[in-house]
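1. Sequence isn't available, so here's the structure alone:
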């Protein structure tokens, strides 16, 4: 009796955890789709603006990377608003990866990666590969 009650409680926890993970995954997919739509619209409506933003972004990133390779080269100062302003334009044009953006931070939880790994392994039998879609 105690064993079956423990299994039932564990099943409730895994179900709630699965629901949370699914919601986060769906939100991530929506964020990617919105970014792709913004990027497509920007390229279609104003290809010159999209090209200029991409080139400016590449140039700034190249300058920052050069600074880290050689610290004697200049780096944008804290009071320089260029990075903040270009970020807003890049996001509006869909020229960014929303999955790399961090909205909140938390303290490290011990064994959290292990729990996620075990959860993922337990869910693998439920996944199916669809060759037409090219994803799981």
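-> Done, it's in. Please read these numbers as outputs of a predicted model, since none were measured by experiment.
2. Distance from stretch 27-36 to the middle of the chain?
-> 9 Å (CA atoms, centre = their mean, to the nearest Å).
3. that's a helix at residue 108, yeah?
-> No: judged by DSSP: H, G, I helix; E, B strand; the rest coil, residue 108 forms no part of a helix; its state is coil.
4. now it: how far from residue 43?
-> 40 Å (CB to CB, to the nearest Å). All C-beta spots, glycine's among them, are computed from the backbone N, C-alpha and C.
5. Surely residue 96 and residue 90 touch.
-> Yes: using CB atoms under 8 Å, residue 96 is in contact with residue 90, at 5.0 Å.
6. Check which helices and strands the top helix by length along the chain is in contact with.
-> The longest helix of the chain (DSSP state H) is helix 2-45. With contacts taken as 3 or more CB pairs under 8 Å, 6 or more residues apart in numbering; DSSP states H and E, helix 2-45 sits against helix 47-69, helix 82-93, helix 112-123.
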